[in-house]
Each structure stands twice: as C-alpha cells, then as structure tokens.
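Colleague: Okay, predicted coordinates and the sequence, questions at the end:
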Amino acid sequence: MKSTSILRIVTFSLIGLPLLFLTFKIAQSSDGMAEDTTSPTVFTLEWEGDVDVLEKAIYSYNAGVEIKQPTGAEPGTKQRLTIHLAPSPAHLVYNIDPGLAYRRTTLPYLTNYLKEGPLYPLSRTEGFVPDDGATMADVITSCFGMARDATPERLTAFSALLGEPMARTNEGLLRSAYFATLCRLAGIPAKVLGGIQPAPEGGTGILFWTEVRVGNFWIPFYPGTPLQNGMRKAGLVLGATPGEIRFLLATQEQIMWTARRPDHTEQMPSLLDAPKVAALTGLPLSKLMLLLMLPLAVLVVSIFKNIVGVKTFGIFLPALIALTLLETGFMAGVLLFTAMVMAVACVYRPLSYWGIQHNTKIALMLTIVVLSALIAVRLLAATDWVDAATPLFFPIVILTIVSERFAVKAEEENMKSALMLYGSTMMVTALVYLIISSESIQQFVLHHPESIITVAGIKLLLGRWTGIRITEYYRFYNLAK
Amino acid sequence: MKMIQILRTINRDVVGMNGRNIGLITPNNKRKNYKYADDKVLAKEILQTHGIPTPQTYAVISSMAEIERVWSELQHYSSLALKPARGSGGKGIMLLRNAGGRWHQGGKAISDEAIHMHIANMLFGIYSFGDSDTVLVEELIEPHPFYAEIYPGGLPDFRVITLQEKPVMAMLRMPTARSGGKANLHQGGLGIGINMDAGTLMQAYDGARYHDNHPDSQARIEGRDIPLWKEIHDLSIRTARHFPLSYLGIDLVMDRHHGPMVMEVNVRPGLAIQLANKRGLNNALRNLKKPVL
C-alpha cells in the first residue's frame, strides 16, 4: 500500500473514531436522561467517618442519595475513603454585575435546571413577575427576599407541594427549594444542594442551600436561617467549574473533601471522563480543562497560520496567552499583558546599545518581567479595576518571550512591523479565547476528552494541505493581474 | 468576474507557503542534509571541493577566545565581510572596509570593541534562532560594472531556483534608494524577473508595482542583456549537482574581477521570485514537463 493511502486512512480514522464513539455516547445518554430528570440532585458521596452520620444525611436528604460503601460494612463502623487536603479560603465574595440585564435562559444545556421536579413544584407555585427593564440582580434579589422572608404558614403550604419522600420539616431545605422554584419560574437556572456541616456543639449537621446560575457560574445563596453564621463558617468553597463542589467537613481539622455532583452526562459511558479523573485524583477540574483545551487552541492558531496566513509570534504563544486570559478575564488581561510587554520591550534597546550579550539580555529581561509584575500588583492593589493578583497569572516566561520577540522585531525591522505582528498575534489570541471560553465547548471537551483525537486528525489533514493561504491571494494579486 | 479569474490563476499557478513546504521542500530536501545549505562554512567546503567559484574565506571564528587573535591576523586586508554561518535573510552581516588603518562600516568609522561585540553576538546565536553559531570572515565582493549601469550602490545578487538540477526560475535582486543598500524585496529592494532562455532582464517588482526602468536612476531594465548569463546558469546547475538537496535557491554574485560566484545556497527559498517573474512556480514547473505538485 502506498504511504499516502496509509496516511489518509490514519487521518480519517483519527477524525472519525471519536465521532463514532460520541454518537454511541449520545445514543446511550438519551436513554439514561429520562430517568435522570426524576432525581436531578443525586450525589455520589465518598465518606470516611461514622456511618450513622451518613444515615442521618440520607434520612434528611431522603431522595436520591446513593452511598458507595465497601461491601460488608457494618453500620456504626468507620469507613476508609479518600480524603483530599486543600486550603480553605476564609470567606468568599461574589457580586452580581448590576448591569447584567435580566432574561430567561435558553441555553440547551441548562434547561434541566428550569424543569419541574420533586423539590421544584413549578406548576403549583405562584411565581414572581419581573418589571420591565429589571436587571438580573433585581430579579434574583426579589426571589431571594420572598424565600428568606416567607412566613411559616407560607412555608408549610409550600412544603405540602413537595414530592412525598421529601423531608418537610427542615426549614433550610424548604426555603432553599422555594427560592430555587421561584428562580426556575423566572427562567433562571437554579438547584438545591445539600452538604454536611459541623454543628456548634460538635458533630455534624445537614445544610441546604440554593445555587443560581449567573453568567458562567453557579452562585450559592443561603435563604435558610443562618446556622452558625451560615455558609461563611461552613467554609463552602465555590467550584468555579461546573460539576465540582467541595465541602468542608470539620473546621477544626481543616479537612476538605470533594464530592462530585453528577450532571446529566453522568449516565454516559466514557473512556476518559475528566470530572471522573478529577474526582479520583483530586486534581482541580479547571486545570484538567486547560490541559484538554490546549490542543484545540493550538489547532485554531494553526488554522489561522496555514489557511488564513496570519503571522503570529510562534504557534504556541497565542494559544498560551488565550488560556491565561481565561483566568484573568479578557479585557483586563489583554490590556495588562500588552502594557507589560511594551514596558519590558523598552528595556531591550538600552541593553542592546550597551552591548549586553544576548543570553544575559534575556535573563535580565526575565528579572525585569518579575519586577514589573510585582510593581503592577502593587499599583493595581490601589485601584478596584481588576484583581490585583492578575499580573501573577501571566506565565513569566511567556511574557519574557513575547517582550523579547517584540523588541527583536522592532530592532530588525521597525516599530510598525513589530506592532503589526503583535496586533495580529493578539487578534488570533482573541479568536482563540472566544472559542475556548465558550462553556459549551469546555463542557464538551471535559466530558468527551477523546475529541482531542479528532483535533489531532484535523491537524494531520491541515499538515498535508498545499493550498494557497488567503493572505497569499492578496500578496500575489499583482502577479496575475 | 475579472477578480475571480485572477484568484483562479493564482490558485492554479502560484506556489504558496504550504505548497512550497509540503510539495517542494519535504519531498526534495532531507532534513539531515539541511546543514549543508544552512551552515555557510559547510556549504563553502562543498563548493570549494568541486571547484565552484565562491568568495574566499579568510577565517572562521568559532569561540569567544579566538576573537582577538583572529581579528589581529585580519588587519592586513582592505575589506572584509563578517557573516553568521547559520544566519538567514542577510541578518547580522557586517561589511567592513579599511581606510587609513581604521575600519569603516557604511562609511562610518567603527571601533574594534564594537566589531568584537558584534562577533560575540553572532557566536551567541542572536541571528541564528538562539543556537550558538560560528562566524565566517570572507572577501568583500566588488560589484560588476554591469550593475552600476542600472543603479550604483549596494550589492545586487542573482537567485536561481533549481529543482532536481534544473533551473526553474531566476531573478536579480537589486537595491534601491529606499532599501538602503539591501537587495531584499521586503526591505524595498527590486526583484527583477529573468528570461532564462534569452538571458535578459524582464520587469522589476518593488513589492507593490512593476517597473520597466529602475525607479531611482530611470535606467532601462526591461530587455537588458545579462553579461555572463550562460556562466551563471551553468554554475547553478553545477552547484545543484553537488548538493544532496534537490530543491534549492542558489544565490550568486558577479564580482568585478572574478565573475560569477556562488554566495550561498538556501533550502527554503522564498516565494517572491514568482512576483518578480510575473509567473507562478507551478506554471514554470509544468513547462519543465515534470509535474511535482
């Protein structure tokens, strides 16, 4: 067989096989989904501790708690399970952008959180009608107020609407469910969650709260009566990546453990499910996501380079910068990054003028990058424009390389061509960012990591493509005129 | 409609960056042989072994410790060209002339320390993608009077593209006032197409439009006979024969005293030669009756 036909087979198998597998997964999941909607808040808990406490949790939470126990375990005995240590922040602050306009969610992957359910008796609850021009913050605040200030009579009436197996006496659960129901009626995705909390006299208690979807995040709210200063003391840590949530088990020992909150994709079989990997290894899901996004980001850059013909500082830099921007936020990140690159590039000329050797010059520039990052942190701490720690998110080596390449380009050609190249690099970065910041794509890649094999296949296809780049039509236009 | 016609012509005849890399370089040049072209010292060894005229090498500097000693041995020459052995696109080249016991670069006196610093930078690989490099010191070419008839200034050179030992396309690169002595197209130099059968110059391209006369001197370019074209043509075939690389861009200069000489060979010759010749490489290759792409 000719080597080109082998290559063709390899290419199309790489592209095709994950797609085939995906079709299989989707076919599987449509069966599982129907059952799943009846228990949308199923937890899988792994537990080390007294089984009695867990039984209490099962009783309070009632529906849909499934506990994986080593077989043959006796009630009242200690169970060995994995526990991960992680630092816990003192408190968490979240603000809803007051400019965020209110609208009903239409995103398909969130519609599960708008449905009727045992905890969410939408059809029998009177909802809240938002005014014209109300903001997201207004609507959520109104719903929250209704749930937090609901009279005991109102709560009892609501409790009667809940599905039969639900605990009806836990006030926290009732208020959380009421709040979530009101949010769902208003078209805002919401869900009730439960956790285990240290009680003031020792031992543990059960805590319920509501998470409301705002923008790309699930924001926790606690409409119940504060238990030991509520959530703050409980030390709940927000899993910024959906599918991951952490509970603080005991404040004294500072032991954190991670429970995975399955979503509808739980039912899908998968070769490599990133959330599963995260739960097993204790790796942060957000880091796994960055890892899985990298091949896709580089593919986008190579499409721009090989098909469009845009010139950039290397193939990895736009992809790496875009991944960094996921953590810093786009506008603040781009402006700060550019400011730092320009500031550091300015140092190149005097160093070159004084005849500093090239290697030493790079090493010096790295030091200057570190210094300027610290200065930027100090300056930003005095403003409330962005998080002061933003400059520290930029990988120092990437900043140094971009500054150096920029300065060399400016010296070898001129400032205009250096700025042009920087501009086109940032343009490609912005487009890569646009793609990798899409939550649908993030979720897709997290749950179907094998899709990066398709990405590899497309790269192979791209690598054999001999066509004219779009910018080359412009370059050679005079030739054929 | 006309525009679609133009785009279709480009698509059919022109070799773009992807076409060059995958269709021409990969199948014809083995990566392990790149070094014979990329390293000017190795390339000159091959050229000298086979008696192909090339500028004389005065010295090769390969470490910092040698700089002072080699430099002192070079003082009796009246002119020198210093080049990073693995530099590309003419980067880092330093042309020096000795006048009254002092070295001058571009008419301005330059100190020995500045020259040493430049050599050290070349050794550090600043012009060679960060790898450490060696420095080649060779004779400075005196341009043939033919060039001055068109435009006096800088050093014009010929570029011949060969595929499997056959010249496919050629151009003459000539400086302009705007390019400041450099002959590179993207620095404002002229690329002049060559009619290889007739040995005459064709239109000149400056990166934006075509000219029949040199834009600075107004001397006629189009139709001018190239002296010693036959030698240049044969020299490129001989060069191609002795390199283990089948797709080459050969750079030749014409010295006032020694005639055509091979300056260097390139494994990744640029694509602008198509603009200079107003013709796509695919079109030229089809005429060679050797379909490659």
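Modeller: Received, thanks.

Colleague: When you work out contacts or count neighbours from here on, use the C-alpha atoms and nothing else.
Modeller: Will do.

Colleague: Could you list the low-pLDDT ranges of the stretch 51-200 of chain B?
Modeller: Low-confidence segments of the stretch 51-200 of chain B (pLDDT under 70): B:129-130.

Colleague: So which residues of it form strands?
Modeller: For the stretch 51-200 of chain B, the strands defined by DSSP state E, counting those that start in this stretch cover B:57-61, B:79-84, B:94-99, B:102-105, B:108-109, B:135-138, B:157-163, B:166-174, B:190-195, B:200-205.

Colleague: And for chain A?
Modeller: A:43-45, A:65-67, A:190-198, A:204-214, A:217-221, A:244-250, A:255-260 (DSSP state E).

Colleague: how close does B:Pro145 get to B:Leu155?
Modeller: Distance, B:Pro145 to B:Leu155, by CA to CA, to the nearest Å: 11 Å.

Colleague: These two: which is more packed in?
Modeller: Higher neighbour count among B:Pro145 and B:Leu155: B:Leu155, with 20 against 13, using other CA atoms under 10 Å in any protein chain shown.

Colleague: and the residue of chain A nearest chain B?
Modeller: Nearest to chain B in chain A, going by CA to the nearest CA, is A:Thr466, at a distance of 4.2 Å.

Colleague: Let me see the ranges of the helices in chain B.
Modeller: B:2-13, B:17-18, B:26-28, B:34-38, B:40-49, B:67-73, B:112-124, B:145-150, B:229-242, B:273-277, B:281-287 (DSSP state H).

Colleague: wait, which of those helices is closest to A:Thr390?
Modeller: Proximity to A:Thr390 (CA to CA) singles out helix B:112-124 among these, at 34.8 Å.

Colleague: that older thread, just say which of the strands of the stretch 51-200 of chain B is most tucked in.
Modeller: Stretch with highest mean neighbour count among the strands of the stretch 51-200 of chain B: strand B:190-195 (a mean of 27; mean count of other CA atoms under 10 Å in any protein chain shown).

Colleague: Near chain A, which residues of the stretch 1-150 of chain B are found?
Modeller: By CA under 8 Å from any CA of the partner chain, the residues of the stretch 1-150 of chain B that approach chain A are B:6-7, B:9-11, B:14-20, B:22-23, B:117, B:120-121, B:124, B:126.

Colleague: rerun at 6 Å
Modeller: B:Ile6, B:Gly16, B:Asn18, B:Gly19 (CA under 6 Å from any CA of the partner chain).

Colleague: Relative to A:Ala319, which of those is nearest.
Modeller: So of the residues of the stretch 1-150 of chain B next to chain A, ranked by how close each gets to A:Ala319 (CA to CA), first place is B:Asn18, at 21.3 Å.

Colleague: so what's the backbone phi/psi at the closest residue to the closest one other than its chain neighbours?
Modeller: Nearest non-adjacent residue to B:Asn18, counting by CA to CA, 6 or more residues apart in numbering or on different chains: A:Thr466, 4.6 Å away. For A:Thr466, the backbone dihedrals (degrees, to the nearest 10) come out as phi -110, psi 10.

Colleague: residues near A:Thr466, how many?
Modeller: 19.

Colleague: Count the neighbours of residue 154 for me.
Modeller: No chain in the question, so chain A it is. There are 12 residues near A:Arg154, going by other CA under 10 Å.

Colleague: should've been chain B
Modeller: 19.

Colleague: For it, which non-adjacent residue is closest in space?
Modeller: The spatially closest residue to B:Gly154, leaving aside those adjacent along the chain, is B:Gly181, at 4.1 Å (CA to CA, 6+ apart).

Colleague: looking at the helices of chain B, which is buried most?
Modeller: Greatest average neighbour count among those goes to helix B:273-277 (a mean of 26), per mean count of other CA under 10 Å.

Colleague: That one near chain A at all?
Modeller: Yes - judged by CA under 6 Å from any CA, helix B:273-277 comes into contact with chain A at B:Leu275.

Colleague: helices or strands next to that helix in the packing?
Modeller: strand B:190-195 (3 or more CA pairs under 6 Å, 6 or more residues apart in numbering or on different chains; DSSP states H and E).
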